[in-house]
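> After the sequence you'll find the predicted model.
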Amino acid sequence: MAFLDKVPILKKIVDMGYAILFVVVISALVGLILAFPVKLLWNYVFGNYLTINWFQAWALNVLTGILLGQRNSSK
């Protein structure tokens, strides 16, 4: 990528894009790993009546994070 060495602002943009992509991928992986205990607990509580898979447990984690997330209201 010799062209990026000649245009420093483009190199910074590409590096920032890689950093953002890295953070998004790591966040998704951690979220899926943390969804496993939610899946186990949900399937234990509701048994064979209502079972969910990993992605549904991950979506449940995201939804509860949005609805019940920490609110900072310092005045």
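Perfect, I can see it now.
> Kindly list the longest helix within the protein.
helix 8-46 (DSSP state H).
> Which elements pack onto that one?
helix 2-6, helix 54-68 (3 or more Cβ pairs under 8 Å, 6 or more residues apart in numbering; DSSP states H and E). To be clear about C-beta, it is placed using only N, CA and C from the backbone, and glycine gets the same treatment.
> helices or strands up against the helix or strand bottoming out on mean pLDDT in the chain?
The weakest-scoring helix or strand in the chain, judged by mean pLDDT, DSSP states H and E, is helix 2-6 (a mean of 72). Contacts defined by 3+ Cβ pairs under 8 Å, 6+ apart place helix 2-6 against helix 8-46.
> For the helix it packs on, which residues meet the burial criterion?
35, 38-39, 42-43 (16 or more other Cβ atoms under 10 Å).
> and the two most separated of the residues you listed?
35 and 43 (12.1 Å; Cβ to Cβ).
> low-scoring pLDDT stretches of this structure, where are they?
1, 4, 73-75 (pLDDT under 70).
> how about a cut-off of 90?
1-15, 27-35, 38, 41-43, 46-55, 58, 60-75 (pLDDT under 90).
> From residue 36, how far off is residue 8?
Distance of residue 8 to residue 36, computed by Cβ to Cβ, to the nearest Å: 43 Å.
> One more: residue 19?
27 Å.
> about what we covered before: between the helices and strands packed on helix 8-46, which gets nearest to residue 12?
helix 2-6 (9.4 Å).
> who touches that closest one?
Outside helix 2-6, the residues that touch it by Cβ atoms under 8 Å, 6 or more residues apart in numbering are 10-11, 14.
> mind listing what residue 31 touches?
By Cβ under 8 Å, 6+ apart, the neighbours of residue 31 are 58, 61-62.
> Rebuild the residues you listed as TSV, extending it with neighbour count.
Converted to TSV, the contacts of residue 31 look like this (neighbours: other Cβ atoms under 10 Å):
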residue	neighbour count
58	20
61	17
62	12
